[in-house]
Structures are given as structure tokens and as C-alpha cells.
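**Q** Sequence first, predicted coordinates after that:
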Amino acid sequence: MRDNQKIKPDHLQRTAYIYIRQSTAAQVEFNRESTERQYKLKDRAVDLGWTERQIRIIDQDLAQSGSSTSQRKGFGEMISEVALGKVGLILSIEVSRVARNNSDWYRLLDLCSVTNTLIGDSDGLYHPGLFNDRLLLGMKGTMAEAELHVIRARLEGGIRNKAAKGELRRGLPVGFIWGDQDGEVLMHPDQAVTGAIHTVFEKFTHMGSVRQVWLWFRSKNLLFPLQTSLLPKIKWVTASYHAIHSVMTNPVYAGAYTYGKTKQECVIDETGQVKKRTKRLPQSQWAVLIHDHHKGFIDWKTYEMNQARIAKNTRPVPHKTTGAIREGAALLQGLATCGKCGRRLKVYYQGKNSSPGYYCAANNIVEGRAKYCMRVGGVKIDKVVADAFLNAITPAAMDAILLAEKNIEAEHDAALNQWRLHIERLQYEADKAERRFQAVEPENRLVARTLENQWETCLHQLQAAKNEFEQCQRQRPEALTPEQRDHIHTLSKDIKQVWQAPTTTYRDKKELLQILLQEVNISVDRTLNTAHLIIRWQTDAVTEIDMNLPKRNSPTIRTAQDTIDLVRRLAVHYNDAMIAGILNRQGRQTARGHRFTANRVGNLRRHWNIPKFDPASISPDEGELVTVQKAAKILDVASGTVHRWLLDGFIAGEQITPGAPWRIRMTEDLKSRFVQQPPEGYITMKKAKKILGVSRQTVLHRVKSGKLPAVHVRKGKQMGLYIKVIDNQMDLFN
């Protein structure tokens, strides 16, 4: 069947889509012939019978890869139109332009087969609904995918082969440049750049922390060189933590050539999209690692020691060594281990003085099923370990102090050297700007003004750097006088005085301990109240110490304070037996965990000087305080009635604490409210609700608040509550 015979009138009534795509922006910019060929497919569509108004060009996917539809909006739009039956023809110079993977390609073929859509390329027209055409299109899609695989395999093979020889040129970190020979890596010729890198490694040797090195650069106002693939020229900026950390962790600075430190893997995100992410690989899985490939700032052994030190400074995980040194008072932070299970002990602080202590976290792991190991105060243990440490370093104390003086001077000299190099570089920039200004013709003021401004800017920067250098010079530490050296010699014989000085911080002490100590294993015997310490030094020497722990003071046995306060309030109204019953109903116990009795309440009162209940202290005019049962007997009603009117507010009562009996003050006014016959003007509750036009609860609320007088009739058929409705209220609610 000829190609033109496959085109039916139904196809010509729909739109012809021309799909244009190139994989990268570089191809779009430089491979213009290919782009022009794809746009000329419009003429072919016209020759096949479509009008120009029926032709639509899809070129939104230029510079997009054809291996996925996630970033190809044009392809997604075309798929939607095909599914709606609006497309009669899809034209492309080759099927690889449409899709580079079979999942997208076969999905398009299925839709075209159902919607009777033709597909065309440089070889002809195809109908996906016909078996032979579908077979040919399937083979072309498979070949396009295989072509991509072959191209990628060739490229990656060449890259890996070149990387295995250390000749693959990629971006180098700041401080290095590529040489003329294959794989040649040279140090940057700018001494200011290499000097800054050397300073980073020197300061890390003394400080042991990337953060401390970064803070030192910031405290000295030193700039740091910045160089990227997008910015090949060195730019001096304020030092950042990331820049310092990158220098410390990059193996290129140790003279090594590496390749394949990361790999890309595909993941499915929460929206169901397939995305690629970069994963760092451990050193054992690097594709290429060539030692001594070029001259480095440090050797490989020093690099590995630095990485171990940096890893040690991170937050520790279970069963790992200590993390970064903190400011707390626990000297054995990260060094102390449990003598029972071997786990690292954690630190706690307690008391108003925040005294340190150590505990084993074994009871918190393995889903809480592990057994409790130990918990011990750390003040005395820290002192014993510190004494052993000071005894070990005393012979070398004098040399260490004099070496510290030299390190302080060397540190200051390093900062000054960086400033000198910085001033030298700015002087060069100023001289170059001056030469450019002098070279321009005076009449060309447009250029001369710009060059003059650049020259002035360089001069301002140079003067600012000189001012900073002079200030740094003025801060030079003074050399030790002979008297000070004699004093230091005296202190070296009593190094404990230096250790206990207020200027020696806990952080300083812990740094010193971790330099010499590997581990302090602590075993506690509570029966003998002793501890056994095993100190393991960095030289693998072991020192064992037995010590007595401080005696624990037994806690004072005492009744809870809130119980004492409650007894003090109850004793004004009740005797000891009644108070004991109230306390027991509330679930309270004595200091030794017993139930209260009248005798125990009496002992508690006498110990705390609480007066005994005296019934004679109640004035007769105020009325007698009686229980609910006694009030019911006096008023000649049932106890339930008294309880009900207590809750409704007809009778006022009080309850000192939950569980205590209700107390009702029996006055003449209260007795007058309970009568044999209803007085004149009093009506039943039912009539009162009808007259007032309100609910029973509203009437009771007004009785409770004193707005309506009420009495309780306790005899006969008319027994119950009677309300006196005032005339103005009757008129108001009628």
C-alpha cells in the first residue's frame, strides 16, 4: 500500500502535528541544520494534503531529553490531543525524536491505533492499526532505545578509561589548576591562594574542629578564595563553614585523584514521579582512587586522620565514640563506658549546682527490654581521673607551656602573613587599574571616567586592607619576660594550680583529656559503695583505680506537705477519727505508707503543733454546724430531701475537701423555712412556673439567689416546696 493511500478524508479533517525536539541546549545552538530540517516537515504535510491552518508545530521540547515525559510538556500535550481523536498525522524526522524509551513509544502507538492516527518520518507513513506498520514502528522504537544505550555506553566507557589513568579533566577545587600534560595537576601559582589553604590545615591540626577553624578565620577578618566552574577567576570572599569543610574533606588536597564518589539512582517521590538523586558512596566503593597522583597540601595518612577527627566531632550514635566536645562540667563526656555492658555512658546534670553524673542507656534500648546497668555521680570520678591525668603530664608540663607560647606567636604570624599576601594582591590590582587609566586617551572621557572609578575602588580596598593589617599588628601578643618565664616554670611544677584556674574552661580540660585518653571504663558496686576505674591511654597503656563513692544521705521520712495542710484545715471542724476517715477516702497515706487512724492523726497534729478540735469554740449565735443526718432529724425531713435541697441551693452547706461530710449551720432562719402548713401567699412549684412562665430550674435559681422566698411543707398531701410570687413579678409575667 502506497503512503498516500493510507491517508483518508477522515485524517485530512483533523490536525497534523509536527514534533520537533533536540536533546540539549548545545544541540539547539550549534546543530542548526537538524533544527531546520525538522521545521521543513511543514512543507511535507502540505504536500500530503493538509492546509497550513491544519498544521501545528510542537517545539516546546527543544533542549529536553527524550528518555522521559516528565519534563516534556509538548509531548504530553500531543498525547492528550491524540487521545481525544483530534490528530490525523504525527510527523517527525525519526522516531527517536518522539521518544527514547519504549514505555512512552508504545503508549503512543496504542493511542494512535485506537484513534486512527497516522505516524510519519523520513522513511514514510505508518498506520499503527496495521500489523506490518505496527511491527516496523515497534522495531524502530527498540532500535532508538538501543541506540541511546550504545551511545551512553561508549561515552561512559571512554570517560572511565580516561579516569582510570587519572587523565580525565574535571573541575578542580580552589588551590589547584590543570597543567599542560595529560592528567597534570599543579598548585595555584597565587601564593595568597595556597597560603590560605595551608592555613586551614595548620589551624585544624591545633584546633581539631572545622567550626573552630572557620571561627578563627572570621575573628581575624581573613578572606578566603572562591573558585567554581562557572567562575574560573579567583574571587576573595568572607570565609564560610562550607568552604572550610570542603577543603578538609576533599581528597584532592591529599594528592589523590578520585572518580565515582557518587552515583545517581532513580526513586519514586510522593507524587508518583520518577526522579533522580545523587548518593555519596563510601571510599571502598569509589570507582577510581589514585594515591600520590599530584603534589598535595597534606599526605594521605594525614587526610585519613583528619577525616576520623571530623567524624568524631559529629553527634555520636549508639556504640560509637564521642561526639564534639561540649561546654558542660562532665569531663568524661564521650570517654566513660559501662563496666557491665560496655556501652558509652551518657551524661546528666542534677541539683541546684548542676552536678554532673553518668548513666548507662541500656534500659532505654532494645524496645525497653534491656536491663538497667548503672547510674553514678561524676564529681569524684572526674577528680580521680583528672589527678591521674595531671600526674602523667607533669614531667612534660614546662615544655608544653613554652610550646603553647610558640603556637600563639605562630598563629598570629599566620594571620599577618595572610594579610601581607592580601595587600600584595590588592596592590597589584590597584597598579593594573592605574596603568589602564593612564593608557586611555584623555579626550575619551566616557572610558576614562569608568577606569578612574575602578582605580579609586582598588585604592579604597587597598587602604582598608592596610588598616586591618596595622590593627592586627597592634594585637601581637607580647613576648614573655624573664619573670613570667620563672613564674611559668614554678607553675609547671604544680600543674594542678593551672588546671583549677578559673581561666581553664571545661572545654579546655576535656580537649586535653581526649588527647591522651581512649576510654575510662566504670564499674560500680553498690553493696560496697565503691567504683573500679580502668583508664585506657592513647598509648594502649592501662591504669586501674579503685575508689570509694560518696555516701548517700538517706531521704527524710516525712508526710506529704499537702496532707499536713489539709489536716490543719480539718482540725478546726472535726475530731481525729473523722479526719482519719476523710484522709483514707482520698487515698492518702502516712509517711511510711500506712492508712490513717485516729491515733496517727493525733500524732501528726502534735508533731506539727496543730490544735485539737474544740466544739465549745463555736458561738451559739452563729448556729450549730451539723451533719446531713442530724439536720434531717432536726428539720423532721428525710436525709434525701436535705441532700436534694443542698444541691438545689435551698439549703446552704459546705464541704472542706472531697470526702469530707457536708456541714450545715442550723440557724433559726433555716428552721423557719420548714413548716407544717404552707403560709399565706405561697403557692406550689407547678403554679409558680405557670404564673412566671419559666422553667423549674429558673425558679430554683431565683430561690437560691434570694429573689423568691420559699418554704418546705413537710406534712400532709401538700408536702413539698412552696414559692411566694411577688405581685410585681406576677404583673410582669402575666
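**A** Right, received. Where do you want to start? Numbers count the residues shown, from 1 in each chain.
**Q** For stretch 268-284, which outside residues touch it?
**A** The contact list for stretch 268-284, computed with C-beta atoms under 8 Å, 6 or more residues apart in numbering, reads 68, 70, 260-267, 289. Every residue, glycine included, has its C-beta placed from N, CA and C.
**Q** Mind checking which of those land in strands?
**A** Secondary structure from DSSP state E places 262-267, 289 of the contacts of stretch 268-284 in strands.
**Q** what's the closest of the contacts of stretch 268-284 to K312?
**A** K261 (21.5 Å; C-beta to C-beta).
**Q** List phi and psi for that closest one.
**A** K261 adopts backbone torsions of phi -80, psi -10, taken as degrees, to the nearest 10.
**Q** Repeat that for the one 10 residues further on.
**A** For T271, the backbone dihedrals (degrees, to the nearest 10) come out as phi -90, psi 0.
**Q** Go ahead and confirm K165 touches G158.
**A** No: look at K165 against G158 with C-beta atoms under 8 Å: they stay out of range, at 11.5 Å.
**Q** Show me what the stretch of helix or strand L108 belongs to is packed up against.
**A** Here L108, judged by DSSP states H and E, is contained in helix 102-115. Under the contact criterion of 3 or more C-beta pairs under 8 Å, 6 or more residues apart in numbering; DSSP states H and E, helix 102-115 touches helix 73-83, strand 87-91, helix 95-98, strand 118-121, helix 131-164.
**Q** Now do stretch 288-296, average pLDDT.
**A** Across stretch 288-296, pLDDT averages out at 90.
**Q** For it, list every residue counted as buried.
**A** Across stretch 288-296, burial judged by 16 or more other C-beta atoms under 10 Å covers 288-290, 293-294, 296.
**Q** ditto for stretch 572-591
**A** Residues of stretch 572-591 classed as buried by neighbour count (16+ other C-beta under 10 Å): 573-576, 578-583, 588, 590.
**Q** how about those, which pair is most distant?
**A** Spanning the widest gap among the buried residues of stretch 572-591 are H573 and T590, at 21.6 Å by C-beta to C-beta.
**Q** still on that earlier bit, mind listing which of the buried residues of stretch 572-591 are in helices?
**A** Judged by DSSP state H, helices contain the following of the buried residues of stretch 572-591: 576, 578-583.
**Q** How about F204, nearest residue that isn't a chain neighbour?
**A** Take F204 and drop its neighbours on the chain: the residue closest to it by C-beta to C-beta, 6 or more residues apart in numbering is V213, 5.3 Å away.
**Q** from what I can see the one you found touches T205, true?
**A** No: here V213 does not reach T205: they are 9.8 Å apart, not a contact under C-beta under 8 Å.
**Q** Among the two, which residue is more densely surrounded?
**A** V213 (25 against 14; other C-beta atoms under 10 Å).
**Q** That one: which element?
**A** helix 210-219.
**Q** Next secondary structure after that helix?
**A** Note on helix 210-219: by DSSP H and E, the next helix or strand toward the C-terminus is strand 223-226.
**Q** Just the CA trace of that following strand, in CSV.
**A** What follows is strand 223-226, C-alpha atoms only, in CSV (Å, rounded to 0.1, in the frame of the first residue of the first chain):
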residue,chain,number,x,y,z
LEU,A,223,39.2,36.4,53.3
PHE,A,224,39.0,33.0,51.6
PRO,A,225,39.5,32.2,47.9
LEU,A,226,36.4,31.1,45.9
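**Q** continuing past it, what's the next helix or strand?
**A** Using DSSP H and E, the helix or strand that follows strand 223-226 in sequence is strand 235-238.
**Q** What is that following strand packed up against?
**A** When contacts are defined as 3+ C-beta pairs under 8 Å, 6+ apart, strand 235-238 packs onto strand 223-226.
**Q** strand partners of the strand it packs on, parallel vs antiparallel please.
**A** Paired strands of strand 223-226, with direction, are strand 235-238 (antiparallel) (DSSP bridges).
**Q** Dump the partner strand to CSV, keeping only the CA atoms.
**A** What follows is strand 235-238, C-alpha atoms only, in CSV (Å, rounded to 0.1, in the frame of the first residue of the first chain):
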residue,chain,number,x,y,z
LYS,A,235,37.2,35.7,44.0
TRP,A,236,38.0,36.6,47.6
VAL,A,237,35.0,36.3,49.9
THR,A,238,34.3,36.0,53.6
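**Q** Quick one: residues in contact with it.
**A** Contacts for strand 235-238 (C-beta under 8 Å, 6+ apart): 218, 223-227, 422, 425.
**Q** from the middle of its chain, how far away would it be?
**A** With C-alpha atoms, centre = their mean, to the nearest Å as the basis, strand 235-238 stands 29 Å off its chain's centre.
**Q** and the helix or strand just after that strand, which residues are buried?
**A** Downstream of strand 235-238, the next assigned helix or strand under DSSP H and E is helix 241-249. Neighbour counts over helix 241-249 (16+ other C-beta under 10 Å) mark 243-245, 247-248 as buried.
**Q** could you give me the average pLDDT of helix 241-249?
**A** Mean predicted confidence for helix 241-249 is 91.
**Q** gap between it and the chain center?
**A** The chain centroid and the centroid of helix 241-249 are separated by 21 Å, computed with C-alpha atoms, centre = their mean.
**Q** Next: stretch 156-163.
**A** With C-alpha atoms, centre = their mean as the basis, stretch 156-163 stands 40 Å off its chain's centre.
**Q** Now do that stretch: everything it contacts.
**A** By C-beta under 8 Å, 6+ apart, stretch 156-163 touches 168, 259-260, 287-288.
**Q** and what of stretch 190-202?
**A** Against stretch 190-202 from outside (C-beta under 8 Å, 6+ apart): 174-175, 187-188, 213, 222-225, 234, 244, 247-248, 253, 297-298, 302, 306, 414, 417-418, 421-422, 424-425.
**Q** Stretch 526-538 too?
**A** Residues from elsewhere that reach stretch 526-538 (C-beta under 8 Å, 6+ apart): 339, 376, 381, 384-385, 388, 392, 515-525, 542-549, 551-552.
**Q** Quick one: buried ones out of these?
**A** Buried, going by 16+ other C-beta under 10 Å: 339, 376, 381, 384-385, 388, 517-524, 543, 549, out of the contacts of stretch 526-538.
**Q** OK, contacts around the closest residue in space to G74 that isn't next to it in sequence?
**A** Nearest non-adjacent residue to G74, counting by C-beta to C-beta, 6+ apart: Q60, 3.6 Å away. Applying C-beta under 8 Å, 6+ apart to Q60 gives the contacts 72-74, 77.
**Q** what's the span of stretch 17-28, first residue to last?
**A** This stretch, stretch 17-28, spans 20 Å end to end (C-alpha to C-alpha, to the nearest Å).
**Q** Quick one: distance of that stretch to the chain centre.
**A** With C-alpha atoms, centre = their mean, you get 43 Å for stretch 17-28.
**Q** tell me which residues of that stretch are tucked away?
**A** Buried positions in stretch 17-28, judged by neighbour count with 16+ other C-beta under 10 Å: 17-23, 28.
**Q** Quickly run through the sheet partners of the helix or strand containing I534, with directions.
**A** Assigned by DSSP H and E, I534 falls within strand 530-537. When pairing is defined by DSSP bridges, strand 530-537 lines up against strand 517-525 (antiparallel), strand 542-548 (antiparallel).
**Q** would you put the C-alpha positions of the longest one in CSV?
**A** As requested, C-alpha coordinates have been extracted for strand 517-525 and formatted as CSV (Å, rounded to 0.1, in the frame of the first residue of the first chain):
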residue,chain,number,x,y,z
LEU,A,517,42.7,9.0,77.0
GLN,A,518,40.9,6.5,74.9
GLU,A,519,38.4,5.3,77.4
VAL,A,520,37.5,5.3,81.1
ASN,A,521,35.6,2.1,82.0
ILE,A,522,33.5,2.5,85.1
SER,A,523,32.2,-0.4,87.3
VAL,A,524,30.1,0.3,90.3
ASP,A,525,29.5,-2.0,93.3
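**Q** Alright, calling it a day.
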